[in-house]
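*Asks:* show me how the following folds:
(chains A, B, C and D)
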2 protein chains.
Amino acid sequence: MRAQTATTADDAGRLKGRIRRRQEGAMLKAAEKVFARAGFQGATMAEIADLAGVPKATLHYYFGSKEELYRAVLDNILTLWLAETESITADADPATALTAYVRAKMRLSARRPDASRVFANEIVHGATHIGEYLRTELRKTVEARAAVIDQWAAEGRILPVDATHLFFTIWAATQTYADFESQVCAVIGKPRLSASDHERACAHVLTVVLRTCGLPCAGDHLRQVAPPPANTTH
Amino acid sequence: MRAQTATTADDAGRLKGRIRRRQEGAMLKAAEKVFARAGFQGATMAEIADLAGVPKATLHYYFGSKEELYRAVLDNILTLWLAETESITADADPATALTAYVRAKMRLSARRPDASRVFANEIVHGATHIGEYLRTELRKTVEARAAVIDQWAAEGRILPVDATHLFFTIWAATQTYADFESQVCAVIGKPRLSASDHERACAHVLTVVLRTCGLPCAGDHLRQVAPPPANTTH
DNA sequence: GTCTATAGACGGATAGAC
DNA sequence: GTCTATCCGTCTATAGAC
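*Replies:* The predicted structure follows:
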């Protein structure tokens, strides 16, 4: 995917790589923000250009069309996504591996919310630009990681769980703090999510994932052993 | 909110309610589908009109503007959302109440995915049209239900859990099957989600929610008592 | 009340000066 | 390589016939 964009760029200015990269980065960053806020159709090249501090025509010179710019933004995000699935391996400790994965996803939601939102927008509207990638790369990755989780369960190291759907749940639970941030803020009554809000959210999601797998999580030892005998005074 | 739209309609044709309702419903249904697929800006009045089987101008006659039509669609969805939060009460059985709530949310994702997608799109892009509703109605509702869950925990009927964030997780985990359906389909390698796919998804989400609360769920009794002593042969 | 025909605004893309 | 000025298509909204 990346290659497409790079080819166009190389054709025009093969030798001027140093400065080109800088401006290209600024434009991609601006595009990510505007696409996140307004969606593909809602975003305007003029707004992206203004935010990047370049004239509108420069955007077209670098990326050819609005469509190609959008693809370039999505490419950036997807490589980011792919880079964090590495902790889940057959010989890893389940609790450690899952904790690392959830933490990585939560960090991404906190630090690159716009990237998550562009991706979310693309999927909600049918994944017309990246459907092929999802059906190949992403599917293969999930199948491999799900097999690991199935193996953990077969070995009795975690409770049995639908591994593929567990990924859907982890993605949903973590990305909601980026994609649906405005709803989360509205409900907890704050204008923005603070660092401690994110920590609390992260601790909660870890609790959900670890308890789902029957693994102990911080502060659970005391109570995990006493399941609900209806009424324990109060 | 509903009142706004109703007022506009009443002004123009107070006595012709019977037929009006029918056409209005068709237009709202068409609008929901088109807004879901293309977002607010991507949707065109012409496409909505075609799908509803009326001329473009009729849309404007009924709803005034694209913006008002969008608000009307959102209104419909929000009343739908609100209607299902009733199972969670202090004297209900936690397992029964949570199961009913999750099932209701999953059913909505399966039956009205477009409604969910329009809502998701609105939130991802900052909830500019319904922010006020979220900060008032939704917030109040969540606070009340979260208090119930806190009480259950205080009484020892469920494990302690961050009640507010539990709602975020339930919404995310259930709505992902509507909003991110294209991603789910791509990963499991099917063009559409079948009824049995939805059942499997529902069972999984129930497992996640019930285990998170320390409640038994179907098929767990045998294993719940035996947490991971590292290596149980295999 | 309903629809056709059109006005008016806007945004993507590009020609051509520098 | 960079930017200004402009073209052309598209979309919302409405005027006015029926």
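*Asks:* now do the strand or helix carrying A:Phe168, average pLDDT.
*Replies:* Secondary structure assignment for A:Phe168, by DSSP states H and E: helix A:163-179. For helix A:163-179, mean pLDDT rounds to 98.
*Asks:* repeat that for stretch A:53-69.
*Replies:* In this model, stretch A:53-69 has an average pLDDT of 96.
*Asks:* burial measure for A:Thr128, as a count.
*Replies:* The number of residues packed near A:Thr128 is 11, by other Cβ atoms under 10 Å in any protein chain shown. Every residue, glycine included, has its C-beta placed from N, CA and C.
*Asks:* quick one: secondary structure of it?
*Replies:* coil (DSSP: H, G, I helix; E, B strand; the rest coil).
*Asks:* disregarding residues adjacent in the polypeptide, which is nearest to A:Ile77?
*Replies:* Distances taken as Cβ to Cβ, 6 or more residues apart in numbering or on different chains place A:Ala115 nearest to A:Ile77, at 4.5 Å, with adjacent residues excluded.
*Asks:* how about A:Lys29?
*Replies:* Sequence neighbours aside, A:Ala52 is the residue nearest to A:Lys29 in space, at 7.4 Å (criterion: Cβ to Cβ, 6+ apart).
*Asks:* which strand or helix spans the residue nearest to A:Ile77?
*Replies:* If you go by DSSP H and E, A:Ala115 is part of helix A:113-124.
*Asks:* do the same with A:Lys33
*Replies:* Going by DSSP H and E, A:Lys33 is in helix A:17-42.
*Asks:* check A:Arg107 too.
*Replies:* Assigned by DSSP H and E, A:Arg107 belongs to helix A:94-111.
*Asks:* check which residues of that helix are buried.
*Replies:* Buried residues in helix A:94-111, counted by 16 or more other Cβ atoms under 10 Å in any protein chain shown: A:94-95, A:97-103, A:105-106, A:108-110.
*Asks:* what about A:Val161, how many residues close to it?
*Replies:* 21.
*Asks:* isn't it up against A:Leu210?
*Replies:* No: counting by Cβ atoms under 8 Å, A:Leu210 is not a contact partner of A:Val161; they are 11.4 Å apart.
*Asks:* look up how far B:Phe180 lies from A:Leu134.
*Replies:* 10 Å (Cβ to Cβ, to the nearest Å).
*Asks:* more neighbours: which of the two?
*Replies:* Neighbour totals were compared for A:Leu134 and B:Phe180, and B:Phe180 leads with 25 against 20 (other Cβ under 10 Å).
*Asks:* contact partners for the more buried one?
*Replies:* By Cβ atoms under 8 Å, 6 or more residues apart in numbering or on different chains, the contact list for B:Phe180 reads A:Ala120, A:Ile123, A:Val124, A:Phe168, A:Trp171, A:Ala172.
*Asks:* so how far is A:Ala172 from it?
*Replies:* Taken as Cβ to Cβ, the span from B:Phe180 to A:Ala172 is 7 Å.
*Asks:* leaving out sequence neighbours, find the closest residue to A:Ala90.
*Replies:* For A:Ala90, ignoring the flanking residues on the chain, the nearest one in space by Cβ to Cβ, 6+ apart is A:Val148 at 5.1 Å.
*Asks:* any idea of the angle the one helix or strand the one you found maps to forms with helix A:163-179?
*Replies:* Assigned by DSSP H and E, A:Val148 belongs to helix A:139-154. The directions of helix A:139-154 and helix A:163-179 differ by 120 degrees, with axes from the mean of the first three to the mean of the last three Cα atoms, to 10 degrees as the criterion.
*Asks:* I'd like the mean pLDDT over helix A:139-154, please.
*Replies:* Helix A:139-154 comes out at a mean pLDDT of 97.
*Asks:* which elements pack onto it?
*Replies:* Contacts defined by 3 or more Cβ pairs under 8 Å, 6 or more residues apart in numbering or on different chains; DSSP states H and E place helix A:139-154 against helix A:163-179, helix B:181-188.
*Asks:* contacts for that helix next, please.
*Replies:* By Cβ under 8 Å, 6+ apart, helix A:139-154 touches A:82, A:85, A:88-90, A:94, A:158-161, A:163-164, A:166-167, B:186-187, B:189, B:234.
*Asks:* likewise stretch A:35-54?
*Replies:* A:23, A:26-27, A:29-31, A:33-34, A:55-56, A:58-60, A:66, A:69-70, A:73, A:113-115, A:117-118, A:121-122, A:125, B:38-42, B:121, B:124-126.
*Asks:* and with 7 Å instead?
*Replies:* By Cβ atoms under 7 Å, 6 or more residues apart in numbering or on different chains, the residues outside stretch A:35-54 that reach it are A:23, A:26-27, A:30-31, A:33-34, A:55-56, A:58-59, A:66, A:70, A:73, A:114, A:117-118, A:121, B:38-42, B:125-126.
*Asks:* quick one: distance of that stretch to the chain centre.
*Replies:* 21 Å (Cα atoms, centre = their mean, to the nearest Å).
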